[in-house]
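# below are the sequence and a predicted model; questions follow.
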Number of protein chains: 2
Amino acid sequence: MTTTQTTRRTVLGGLAAAAALALPAATGTAAAATGRPGPRIGILLYDGFSLLDPTGPAELLSRLPGATVTMIGEHRGPVRTDTGRTAVFADRAVSEVDRLDVLLVPGAGNRGTVAAMNNPVLLDWIRRIDRHTTWTTSVCTGALVLGSAGLLRERATTYWAAAPYLEATFGVEYVPERYVRVGKVITAAGVSAGIDLALFLASELAGAEAARAVQLAVEYDPQPPFDAGDAATASPQLKELALRLLAESQV
Amino acid sequence: MTTTQTTRRTVLGGLAAAAALALPAATGTAAAATGRPGPRIGILLYDGFSLLDPTGPAELLSRLPGATVTMIGEHRGPVRTDTGRTAVFADRAVSEVDRLDVLLVPGAGNRGTVAAMNNPVLLDWIRRIDRHTTWTTSVCTGALVLGSAGLLRERATTYWAAAPYLEATFGVEYVPERYVRVGKVITAAGVSAGIDLALFLASELAGAEAARAVQLAVEYDPQPPFDAGDAATASPQLKELALRLLAESQV
């Protein structure tokens, strides 16, 4: 086996990357000194969240010009996912954050969702932050947390298996689309739908060309080898297997 | 505003969820006591990785029957992403892991990729682990790390902007597909392509029906509001903007 050593400054090819690295130094300096000047995006992490719900949108939204994406927890520190085997760091506690341009509430497994829906510290913070946001958003069962905070009106989407609960509990119509906007509240469908939501948010926050550049930056040209992600066309057997795999993998 | 309290045991609807929660208790007990019996999947985190590269595959692969997905770092503890603003926890150090069924090496920004390509501790560990894996895989510029470990042959894919570097440095053909398999080595394209790779791995590890259930479990029915993720059809201007946004957002 061979080990290739590289001393090249860049592995991202050619002229474009060279141009990218020739940014005015002031950009970086200003960002380091005062925080970046673009949208302040906050993602609420809570125990038992599903890993892709916050990380997909964070990956995309962090590329917007001047944007900051901050992971926020009830307390600072690692927050465990629904599998209990992975944690993402909350860099800020809710008590340290009182203004955001965009709030995103991810979904969780059953245990984490129910706990968040009954956590007055989180619900009060969500309501306080929502007063000043440009966009208040959710992914997956995060919609149920927004509902518990009293923020859903008329229509919403959520994880497909939570749709009956959403309608019965919050009196809103479940719309089986990737994301559903009602005023400044946008709910996204399950887990991976947060990526599509993030592209829409990107276009609203920074324009269509920036959104397209973000899509290219993450090479989001999806080509799943199966076509089984739509609950509307899934068999009862496949739905049951999906929910069983989820339940087995969650703590 | 109203706050809805829930005392329901499940928010994931109906009979299917009830069935899911009626799993034999032994499953959970065995998992807790001895580790789950399915594939051991390890994801290498290193400073400056791109957030979605490991978290997308981890979300999907963690749902496979009995699978464990472990985040592994040079040391235990938080590992910062390329933006410097988010960290994922490495629950194991490379020194603690000597066997995996699946190894996944994510990509990173330019700085993180180059550092990993020149880190003998990580490269030696990757080579040692690869001797016993069923699958050795990468996402995005993780292919360059596999290349530096001497593990690429014939063909590979990587982040679109790293393709010229890949070909020039490792003498392999760049194939612009979502993932490229050569023997047991599978490289995926940029960032979001790890999700498509994960579905392929799911089908290989647990069969097509389980892979389809995982796709439904994460509601992966992608419908991006733009169609800009394919570098082969992107304009030079869009490519340059994408690379500039990446460079600006990375530390």
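All right, it came through fine.
# what about stretch A:233-251 and chain B, touching?
Yes - figure legend: stretch A:233-251 in contact with chain B (Cβ under 8 Å from any Cβ of the partner chain); contacting residues A:234, A:236, A:238-249. Yep, even glycine has a C-beta here, placed from its N, CA and C like the rest.
# farthest pair in those residues?
Farthest pair in these (Cβ to Cβ) is A:Pro236 and A:Ser249. Separation: 20.6 Å.
# what sits against the closest residue in space to A:Glu59 that isn't next to it in sequence?
Counting by Cβ to Cβ, 6 or more residues apart in numbering or on different chains, A:Glu59 lies nearest to B:Leu52, which is 3.7 Å off, once chain neighbours are set aside. Under the criterion of Cβ atoms under 8 Å, 6 or more residues apart in numbering or on different chains, the contact list for B:Leu52 reads A:55-56, A:58-60, A:218, B:191-192, B:194.
# still on that earlier bit, of A:Pro236 and A:Ser249, give the one with the bigger neighbour count.
Per other Cβ atoms under 10 Å in any protein chain shown, whichever of A:Pro236 and A:Ser249 has more neighbours is A:Ser249, with 27 against 9.
# now do that one, the pLDDT please.
Here, the pLDDT recorded for A:Ser249 equals 96.
# on that earlier part again, how close does the residue nearest to A:Glu59 sit to A:Leu51?
Using Cβ to Cβ, to the nearest Å, we find B:Leu52 at a distance of 10 Å from A:Leu51.
# next one: A:Glu177
23 Å.
# so the two - more neighbours on which side?
When A:Glu177 is set against A:Leu51 and neighbours are counted by other Cβ under 10 Å, the residue ahead is A:Leu51, at 26 against 15.
# let me know the pLDDT of the more buried one.
98.
# now do the strands in the stretch 101-250 of chain A.
In the stretch 101-250 of chain A, the strands defined using DSSP state E, counting those that start in this stretch lie at A:102-105, A:135-139, A:155-156, A:173-174, A:179-182, A:185-188.
# want to throw those strands into JSON lines with distance to A:Gly229 and mean neighbour count?
Written out in JSON lines, the entries for the strands of the stretch 101-250 of chain A read as follows (distance: least, Cβ to Cβ, whole Å; neighbours: other Cβ atoms under 10 Å in any protein chain shown):
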{"stretch": "strand A:102-105", "distance to A:Gly229": "21", "mean neighbour count": "28"}
{"stretch": "strand A:135-139", "distance to A:Gly229": "15", "mean neighbour count": "28"}
{"stretch": "strand A:155-156", "distance to A:Gly229": "19", "mean neighbour count": "22"}
{"stretch": "strand A:173-174", "distance to A:Gly229": "17", "mean neighbour count": "18"}
{"stretch": "strand A:179-182", "distance to A:Gly229": "15", "mean neighbour count": "20"}
{"stretch": "strand A:185-188", "distance to A:Gly229": "14", "mean neighbour count": "28"}
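# mind putting these in CSV, mean pLDDT and distance to chain B included?
Conversion of these to CSV gives the following (pLDDT from 0 to 100; distance: least, Cβ to the nearest Cβ, whole Å):
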stretch, mean pLDDT, distance to chain B
strand A:102-105, 98, 13
strand A:135-139, 98, 10
strand A:155-156, 98, 14
strand A:173-174, 98, 10
strand A:179-182, 98, 9
strand A:185-188, 98, 9
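# which one of those lies nearest to B:Arg99?
Put simply, out of these the one that sits nearest B:Arg99 is strand A:135-139, at 34.6 Å, with distance taken as Cβ to Cβ.
# off-centre distance for the closest one?
A distance of 8 Å separates the C-alpha centroid of strand A:135-139 from that of its chain, computed with Cα atoms, centre = their mean, to the nearest Å.
# for that strand, packing partners?
In terms of contacts (3 or more Cβ pairs under 8 Å, 6 or more residues apart in numbering or on different chains; DSSP states H and E), strand A:135-139 is packed against helix A:52-61, strand A:102-105, helix A:120-130, helix A:142-148, strand A:185-188, helix A:193-206.
# could you rerun that using 6 Å?
Counting contacts by 3 or more Cβ pairs under 6 Å, 6 or more residues apart in numbering or on different chains; DSSP states H and E, the secondary-structure elements packed against strand A:135-139 are strand A:102-105, strand A:185-188.
# name the strands paired with the first one and say parallel or antiparallel.
In this case it means strand A:102-105. Strand pairing for strand A:102-105, using DSSP bridges, gives strand A:40-44 (parallel), strand A:135-139 (parallel).
# the last one vs helix A:193-206, what angle?
Relative orientation of strand A:135-139 versus helix A:193-206 (axes from the mean of the first three to the mean of the last three Cα atoms, to 10 degrees): 170 degrees.
# and the contacts of strand A:135-139?
Defining contact as Cβ atoms under 6 Å, 6 or more residues apart in numbering or on different chains, one finds that strand A:135-139 is touched by A:53, A:102-107, A:130, A:146, A:184-188, A:194.
# rerun at 8 Å
A:53-54, A:56-57, A:101-107, A:126, A:129-130, A:145-146, A:151, A:158, A:184-188, A:190-191, A:193-194, A:197, A:201, A:204.
# equivalent analysis for the first one, please.
Outside of strand A:40-44, the residues that reach it under the criterion Cβ under 8 Å, 6+ apart are A:54, A:57-58, A:61-62, A:67-73, A:92, A:94, A:97, A:99-106, A:122, A:125-126, A:129.
# mean confidence score for that strand?
Looking at strand A:40-44 alone, the average pLDDT works out to 98.
# centre of the chain to it, how far?
In this view, strand A:40-44 has its centroid 9 Å away from the chain centroid, taken as Cα atoms, centre = their mean.
# CA atoms of it as CSV?
Listed in CSV are the C-alpha atoms of strand A:40-44, where the atom choice follows Å, rounded to 0.1, in the frame of the first residue of the first chain:
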residue,chain,number,x,y,z
ARG,A,40,-29.1,34.0,13.0
ILE,A,41,-30.4,30.5,12.8
GLY,A,42,-31.0,28.5,16.0
ILE,A,43,-31.7,24.8,16.2
LEU,A,44,-33.2,23.4,19.4
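# what is the end-to-end distance of stretch A:217-231?
Using Cα to Cα, to the nearest Å, the gap from the first to the last residue of stretch A:217-231 comes to 29 Å.
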